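Participant: Compute the structure for the input listed below.
(one chain, ligands or ions: 1)
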Amino acid sequence: MNTQATALGIDIGGSGIKGAIVDLEKGVLLSERHRIPTPKPATPEAVASVFKQLVDHFNWKGNIGAGFPAIIQNGVAKTATNVDDGWIDTDAAKLFSEICGQKVVVLNDADAAGLAEYKFGLGGENKGVTLLLTIGTGIGSALFIDKHLVPNTEFGHVFFKKKIAELSVSDRARKEQELSYEKWGKRFNKYLLHMERLLSPNLIVLGGGCSKKFSQYSHCFTTNATVQPAKLLNEAGIIGAAYYANQT
Ligand code: BGC
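Facilitator: Below you'll find the predicted structure:
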């Protein structure tokens, strides 16, 4: 079923690994999204085996792109925050390509979401600095200057209130600390003000699971930059990974 305008996108997260076939002209899912929980521990072998299950589920032959929650340089993972440490220096692109018997390209998961949002959602029209943050198990970031992505920015790891920001402002932190959206929103606003001071974006886009609940906390935001939920919501990671596969 593959034509040049479709690809399989896979979004590897700290709690779930999700995939779908993507229409790259419209930037929409062509299939149902299929999700398999991230194995614990999320070692390279265990994640690769789930990756293959997803590719087999779609019986996919064609371009495949994967977003992975780490710094990714030339397909190699350089960090491992919400996955097993065994990923550090693992060539993720090679591992996934070998297990599937076809070429897989890999990029940071938030960069994937950012690319999708830029191409098919918000941001494409924005001149200047756009900051996209994904709110999930961790905080992912994608920074655009006009239409150019600065990859692997990792702004979830800036120090904020004496610790790594994502430990207090991610969706996982909200759930673990049983914070209401009101309380979490006020805390997240402080993080946004901190990021605004560092980067002066004129548009901030929020993606990840929390983007669906935007209306419950958006009144907490006091940044000068406009803050908007990602148009593609939680599907941005899958769509961006597929888009990247057809660009490389
Ligand atoms: C990782 C990032 C990732 C983000 C969202 C962070 O813990 O360091 O690479 O983009 O989580 O998954």
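Participant: Can you give the domain ranges for the protein?
Facilitator: 6-109+236-247, 122-230 (automatic domain parsing).
Participant: May I see those domains arranged in a markdown table, with mean pLDDT and distance to L115 as well?
Facilitator: C-beta here means a position set from N, CA and C on the backbone, and glycine is covered the same way. As requested, those are exported to a markdown table (pLDDT from 0 to 100; distance: least, CB to CB, whole Å):
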| stretch | mean pLDDT | distance to L115 |
| --- | --- | --- |
| domain 6-109+236-247 | 97 | 4 |
| domain 122-230 | 94 | 7 |
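Participant: Mind putting those into a markdown table with distance to the ligand and mean neighbour count?
Facilitator: Listed next are the domains of the chain as a markdown table, based on distance: least, CB to the nearest ligand atom, whole Å; neighbours: other CB atoms under 10 Å:
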| stretch | distance to the ligand | mean neighbour count |
| --- | --- | --- |
| domain 6-109+236-247 | 3 | 20 |
| domain 122-230 | 3 | 19 |
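Participant: which SS state does A66 fall under?
Facilitator: strand (DSSP: H, G, I helix; E, B strand; the rest coil).
Participant: Not counting residues beside it along the chain, what's closest to it?
Facilitator: Distances taken as CB to CB, 6 or more residues apart in numbering place I10 nearest to A66, at 4.4 Å, with adjacent residues excluded.
Participant: three-state assignment of the one you found?
Facilitator: Under three-state DSSP, I10 comes out as strand.
Participant: so what's it up against?
Facilitator: Neighbouring residues of I10 by CB atoms under 8 Å, 6 or more residues apart in numbering: 17-19, 51, 54-55, 64-67, 238, 241.
Participant: Over to C220?
Facilitator: 182, 185-186, 188-189.
Participant: Which members of the residues you listed are positioned in helices?
Facilitator: Within these, membership in helices is found for 182, 185-186, 188-189, as judged by DSSP state H.
Participant: Correct me if wrong: N108 contacts I71.
Facilitator: Yes. Under the criterion of CB atoms under 8 Å, N108 makes contact with I71 at 6.6 Å.
Participant: Pull up the overlap in contacts between the two.
Facilitator: Overlap of the contact sets of N108 and I71 (by CB under 8 Å, 6+ apart) consists of N152.
Participant: what packs against the helix or strand hosting I36?
Facilitator: For I36, the element it lies in under DSSP states H and E is strand 34-37. Using 3 or more CB pairs under 8 Å, 6 or more residues apart in numbering; DSSP states H and E, the elements in contact with strand 34-37 are strand 16-23, helix 44-57.
Participant: related to what we said a few turns ago, closest one to C100 out of the ones in helices among the contacts of C220, please.
Facilitator: Using CB to CB, F188 comes nearest to C100 of the ones in helices among the contacts of C220, at 37.3 Å.
Participant: Excluding chain neighbours, what is closest to the closest one?
Facilitator: Closest residue in space to F188, ignoring its immediate chain neighbours: V169 at 5.1 Å, by CB to CB, 6+ apart.
Participant: again, but for L24
Facilitator: Looking at L24 with CB to CB, 6+ apart, the closest residue is A5, at 4.9 Å.
Participant: how about the residue lying closest to F51 once chain neighbours are set aside, what does it touch?
Facilitator: Spatial nearest neighbour of F51, excluding adjacent residues (CB to CB, 6+ apart): F96 at 5.3 Å. By CB under 8 Å, 6+ apart, the contact set of F96 is 48, 51, 64, 66, 104, 106.
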